[in-house]
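J.: Okay, sequence plus prediction incoming.
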Amino acid sequence: MPEIIPFDVAVIGAGHAGVEAAIASARRGCKTALFTISLDQIGNMPCNPSIGGSAKGHLVREIDALGGVMGEAGDTCCIQMRMLNLSKGVSVHSPRAQADRRMYHTYIKKLCENTPNLQIIQTEIADIEIDDEQNVKSVINIFGAKYPCKAVVLCTGTFLNGMVYIGKSGIESGPDACLPARSLSAKLAAHHITLRRFKTGTPCRVHRRSIDYSVLQPQYGDPNPQPFSFSPQARVYRNDAVCYIANTNEITHQIIRDNIQESPLYSGMIHGVGPRYCPSIEDKVIRFPSRERHQIFVEPTGLDTEEMYMQGFSTSLPEHVQIQMYRSIKGLEHVEIMRSAYAIEYDCINPLCLTHSLAFRGFHGLFAAGQFNGTSGYEEAAAQGLIAGINASAFVKSEEMLELSRKSSYIGTLIDDLVTKGTEDPYRMMTARSEYRLSLRHSNADARLTAIGRKYGLISDARWADFQAKMHRIESGIETIKATSVRPDAVNAYLERVGTSPITQSVRLDALMRRQQVDCSDILRELHIDFDLQGEEAAEISHRIKYEQYIARQEQQNAHLEHLEKVKLPKDVDYKAVHGLSSEAIEKLSKQKPENLSQASRISGVSPSDVSILMTWLKAGGYHGE
Amino acid sequence: MNTIAAISTPNAVGGIAMIRISGNHAIEAASHIFIPAGDTKITEMRGYTCSYGWIEDNGQRLDDVVLTLFRAPHSYTGEDTVEITCHGGLFLSKQILSLLYRNGCEPAGPGEFTKRAFLNGKLSLSQAEAVMDVIRADGAASLRQANLAKQGKLHERMFSISERLVDMMSAFAYWLDDAEEMPPELDRDTLLQELNSISSNLSQMSADYQNGRILRDGIRTVLLGRPNAGKSSVMNWLCGMQRSIVTEFAGTTRDVITEQVKIGEFTLLLSDTAGLRETDNAIETIGISQAYQALDTADFVLYVIDASVGMQPDDNEIIASCHDRPLLVIWNKTDLTDAAPPQMDVPVLTISALHADSFAPLEEELSKLFAGYAFSDQPSIMNERQNALIQRADARIQACCDLLRQDAELDMIYSDLEDAAQALREIDGSDVTDDVLDGVFSKFCVGK
């Protein structure tokens, strides 16, 4: 078979995972190819045209801190920016952008086109050539052309054997009427990679003019929008789009109940497992019969289009039912559907077959990221893509793999969950998944991760210098605050004004700042203390001080995990020889080969008593391997 | 694991003795020393069956025995297990044991059979702890408690409490991650009410533990009284021997002496203390401060009064200061005087410790005083480890309540809830995060 041009890294799929992987790899100096079925769909948002949201906003800022592209892309293509969860604790504050879908695609495509070392190629990859030593050799397209490469990152999203359902009709299709990838699944199976079916869905797009906005509740962007990117040049470009909230009602629910047999999900046509966290409207109505209404967000998909997205209203009921349902809603009585809602079913892997570097166990140079790994969401995909791209290039360059800890980031938590616990439905990031929630704020993602991005060559000199200056300002600010003692007469008037008890003797400033009622900026102003601070820095100092003791407590609570993390499990342990392990634990441990007891403890089927047995066994010197 | 053997009956002469062998080679080792009366070799016996025969050492018949065989995993330890019941001579059972050692068995460490049962997944940690308590239990009530825990009742009670916490955390997780509107479960008053109720459940468990401890370990009893009231004579009466130095000089007993005494169903852990009085003597001062310390941790006070001296103002004062715990006045030295005790609102036992020969009146008073403690059928926690975890959970929940009252951010509260739930799950052990997420998905309508 004739070979075309050789590459270091081949990335299959140019969605949000593939793009991050390819750009990271190329920026790290690897000759990289990014393959896509359609160049017109690079960085496409086939579902909601939005970036960020609860926990996902954290992921975007972490991606940015590591040197990925989603943050700046989101800022640039934003048409409305909001900080979610402001009424809740600061650790769950999370930025969310409504984006212009076509602009986002154009921005990403241009970025790829202008990235040195990166070639974007429109073709469908049908096979991966792997030699007898399990080394990746090349990728081959459906016409038989061969692209030699040293590493491959699979980012096939929802394309593998994609089936789109509306009502009981299913057709072979990728998302947004793209061609599906029909050949690769069988070849992966031939390499003994086990695939399974997941499904997801998307709601209708309707015409802007067919909605009566006067009866809907408007939602505006924040007055001082917070960009995703930590770059000092970062800004939110546009923020004037308006979103609206509508509500379903009893009539809507009755229409759904009357027609439930028409749903491919309920009639048993779709076998794939759908996301628990992003259920279709029929799921919500059937599972929660007592709810009188469900919220729907009506959001523009861009500035140059009349299409409006109906967030919260995904369905796979037939079109005649969809129009009835939509038109039963106040404000949508005359709605015109432009694209119907559909469900899509696709092949993906069980991520337990991956390591923490997102490499397939048992192969050399084969990586995977995104929905193909069993997740849902652009941000989850991009986060994995970035790590897989860094590691594919690290593999080519024989450098150390990047494996983020749970403590460092939501990205680390996401990957650890995937490869140790696995997932039974499309995995969505949530702050509840992290035992380090209090210390993983969106606003300190740079402090947590920039140095790692720098180590892997993704942070420019200028950005690195800016980052170090910022950290210096924050740390010296905190130092000054802790060294400052406040006299009662200087502060009591303020304290009483905000409704907290006055002090009787001098008190350290940080102790005062810890009080719930005290706002850090206000009290500094009151005391005429002026720091040289920029942007988010004053808020960051405030959070660090206010949460200090809670984070200390969180550390204490997690100490046992870190202790277990220090107990290493050799790769060649014969778990069958460890007396007393349950047979399920033996099977799971032998397969997943956890690196330490902490990972082992998170594997489903490994019970606390299995962990005690392993601990006892290791301590008793049961291991006699290398 | 290696094969272990031990004499499982007490190290004393009795009617019969039992030797237990557990491990991969248990059956093989037994087959070398046991000759069955019938045709079936023990290597061919099925689990849960017995065989009659005798133990032979170099062709010499040592004893007629009954051998019971358990096959893995259907045994207490989860391993192949053989139990040999022989006649109860100490020499005899030890001879059989050493015969087993010669045939490849190793001596079992303390609690090793139970440890293996835990390691082999036959018992949960709290069940394993309960077994150790059954072994240690003396007295019927104590045994009943231990059995309740062993049957997993403790696990159930704990689980029903931690389940409520997990429900609450699911509501939090749902709200923090997803919802625009706060679910009604998180209304501050509702939360406080639920948290208080959980907290009082936990406090109750901890209190039950104190009761349980009284049942299991005995009643921590302190002997108090003015100098020379006869505390040491009372101590000696209870211990039935010359334990404390009895002299006629006030201030003889200077250190706290601890004894364990069985009175009917109750066990008293006795501290004899220096007489309580103001003193300049340095050694005596130390003794007195120890007495106050003993009082701090005591469950029960025996207050001794010299009937021949009568009730003094000091006595009233000290008795009043002990009002928060059960107290029994011993009106002592009735051989020296006919004076009747004064009217008091605490029970009084009238004796002469020097001449008393029966515990019956004391036992009767104890039954009255500890009636509330003795017969709780609720499973209670069994040891300090579990109690510490319960108290940690309770403290965290209290902290949540305080934070709620101060209008703290809800993410701060969540981390305390998480730790409380974690502490409860640690008693048996399971993954809280997974439970919370399952709760979110099954109880709330998620997704915008």
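T.: Yep, that arrived.

J.: hmm, the longest helix along chain B in reach of chain A?
T.: Of all the segments assigned as helix in chain B under DSSP state H, the longest by residue count is helix B:188-217. No - using CB under 8 Å from any CB of the partner chain as the criterion, no contacts between helix B:188-217 and chain A are found, and the smallest distance is 13.5 Å. (Glycine included, C-beta is placed from N, CA and C.)

J.: and that helix, average pLDDT?
T.: On average, the pLDDT along helix B:188-217 is 81.

J.: What strand or helix carries the residue nearest to the spatial centre of chain A?
T.: Centre of chain A computed as the mean C-alpha position; nearest residue by CA atoms, centre = their mean is residue A:380, 2.2 Å away. Here residue A:380, judged by DSSP states H and E, is contained in helix A:378-396.

J.: Quick one: list the elements packing against the next helix-or-strand element following that helix.
T.: The element immediately downstream of helix A:378-396 (helix or strand, assigned by DSSP H and E) is helix A:410-416. Using 3 or more CB pairs under 8 Å, 6 or more residues apart in numbering or on different chains; DSSP states H and E as the contact definition, the elements that helix A:410-416 packs against are helix A:56-66, helix A:378-396.

J.: I'd like to know which of these lies nearest to residue A:104.
T.: The minimum distance between residue A:104 and the helices and strands packed on helix A:410-416 falls on helix A:378-396, with 9.7 Å, by CB to CB.

J.: quick one on the thing from earlier: kindly state which of the helices and strands packed on helix A:410-416 is positioned closest to chain B.
T.: Proximity of the helices and strands packed on helix A:410-416 to chain B was assessed by CB to the nearest CB; the nearest stretch is helix A:56-66, lying at 10.1 Å.

J.: Between helix A:378-396 and that closest one, find me the angle.
T.: Angle of helix A:56-66 versus helix A:378-396, following axes from the mean of the first three to the mean of the last three CA atoms, to 10 degrees, is 30 degrees.

J.: and helix A:56-66, is it in reach of chain B?
T.: No - Helix A:56-66 lies apart from chain B when judged by CB under 8 Å from any CB; the minimum separation is 10.1 Å.

J.: Just the C-alpha atoms of that helix, please, in PDB.
T.: The C-alpha atoms that make up helix A:56-66 are tabulated as PDB, following Å, rounded to 0.1, in the frame of the first residue of the first chain:
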ATOM      1  CA  LYS A  56     -17.600  22.600  33.100                       C
ATOM      2  CA  GLY A  57     -16.600  26.200  33.600                       C
ATOM      3  CA  HIS A  58     -13.900  25.000  36.000                       C
ATOM      4  CA  LEU A  59     -12.700  22.600  33.300                       C
ATOM      5  CA  VAL A  60     -12.500  25.300  30.700                       C
ATOM      6  CA  ARG A  61     -10.400  27.500  33.000                       C
ATOM      7  CA  GLU A  62      -8.100  24.500  33.800                       C
ATOM      8  CA  ILE A  63      -7.700  23.800  30.100                       C
ATOM      9  CA  ASP A  64      -6.700  27.500  29.700                       C
ATOM     10  CA  ALA A  65      -4.200  27.300  32.600                       C
ATOM     11  CA  LEU A  66      -2.500  24.300  31.000                       C
END
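
J.: Tell me how far residue A:223 lies from chain B.
T.: Between residue A:223 and chain B the distance, using CB to the nearest CB, to the nearest Å, works out to 19 Å.

J.: Just send the helices and strands packed on helix A:410-416 back as a markdown table, with mean pLDDT too.
T.: Shown next, in a markdown table, are the helices and strands packed on helix A:410-416 (pLDDT from 0 to 100):
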| stretch | mean pLDDT |
| --- | --- |
| helix A:56-66 | 98 |
| helix A:378-396 | 98 |
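
J.: Make CSV out of those and add distance to residue A:416.
T.: As requested, the helices and strands packed on helix A:410-416 are arranged in CSV below (distance: least, CB to CB, whole Å):
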stretch, distance to residue A:416
helix A:56-66, 14
helix A:378-396, 11
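
J.: Got phi/psi on the residue lying closest to residue A:364 once chain neighbours are set aside?
T.: Residue nearest to residue A:364 in three dimensions, not counting chain neighbours: residue A:135, with 4.6 Å by CB to CB, 6 or more residues apart in numbering or on different chains. Listed backbone geometry of residue A:135 is phi -90, psi 140, with angles given as degrees, to the nearest 10.

J.: What pLDDT is listed against residue 135?
T.: Since no chain was named, I'll use chain A. pLDDT for residue A:135: 97.

J.: The intended chain is chain B.
T.: 52.

J.: do you know how far residue A:251 is from residue A:106?
T.: From residue A:251 across to residue A:106, the span is 41 Å (CB to CB, to the nearest Å).

J.: ok, residue A:200 to chain B distance?
T.: The value you get for residue A:200 to chain B, if CB to the nearest CB is used, is 12 Å.

J.: again with residue A:288
T.: 4 Å.

J.: On the strand side of things, show who residue A:33 bridges to.
T.: With DSSP bridges applied, residue A:33 shows beta-bridge pairing to residue A:10, residue A:119.

J.: contacting residues for it?
T.: Applying CB atoms under 8 Å, 6 or more residues apart in numbering or on different chains to residue A:33 gives the contacts A:7, A:9, A:10, A:11, A:22, A:118, A:119, A:120, A:121, A:147, A:149.

J.: and if we set it to 10 Å?
T.: If you count contacts by CB atoms under 10 Å, 6 or more residues apart in numbering or on different chains, residue A:33 has them with A:4-12, A:22, A:25-26, A:118-121, A:123, A:125, A:139, A:147, A:149, A:152.

J.: Give me the buried subset of those.
T.: Buried residues within the contacts of residue A:33, defined by neighbour count using 16 or more other CB atoms under 10 Å in any protein chain shown: A:7-12, A:22, A:25-26, A:118-121, A:123, A:125, A:139, A:147, A:149, A:152.

J.: domains in chain A, as residue ranges please.
T.: Listed by automatic domain parsing, the domain ranges of chain A are A:9-200+A:346-455, A:205-345, A:461-556, A:560-619.

J.: what about the spatially closest residue to residue A:584 that is not a sequence neighbour, how many residues close to it?
T.: Using CB to CB, 6+ apart and skipping residues adjacent in sequence, the residue nearest residue A:584 is residue A:605, 4.2 Å away. Other residues within reach of residue A:605 by the criterion other CB atoms under 10 Å in any protein chain shown amount to 14.

J.: With residue B:314 instead?
T.: The local packing count at residue B:314 equals 14, with neighbours defined by other CB under 10 Å.

J.: check which helix or strand covers it.
T.: Since the elements are taken from DSSP H and E, residue B:314 ends up inside helix B:313-321.

J.: Now do the helix or strand just after that helix: which elements does it pack against?
T.: Scanning forward in sequence from helix B:313-321 by DSSP H and E, the next helix or strand is strand B:327-332. On a contact count with 3 or more CB pairs under 10 Å, 6 or more residues apart in numbering or on different chains; DSSP states H and E, strand B:327-332 meets strand B:219-225, helix B:231-239, strand B:300-306, helix B:313-321, strand B:348-350, helix B:360-369.

J.: Quick one: closest of these to chain A.
T.: strand B:219-225 (31.6 Å).

J.: Just the CA trace of the closest one, in CSV.
T.: Only the C-alpha atoms of strand B:219-225 are listed here, as CSV (Å, rounded to 0.1, in the frame of the first residue of the first chain):
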residue,chain,number,x,y,z
ILE,B,219,-19.2,0.1,86.1
ARG,B,220,-16.4,2.5,86.8
THR,B,221,-16.9,3.0,90.5
VAL,B,222,-15.2,5.4,92.7
LEU,B,223,-15.1,5.0,96.5
LEU,B,224,-15.4,8.3,98.2
GLY,B,225,-15.7,9.5,101.8
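
J.: okay, the angle between it and helix B:313-321?
T.: Here strand B:219-225 runs at 160 degrees with respect to helix B:313-321, directions being taken by the same axes, to 10 degrees.
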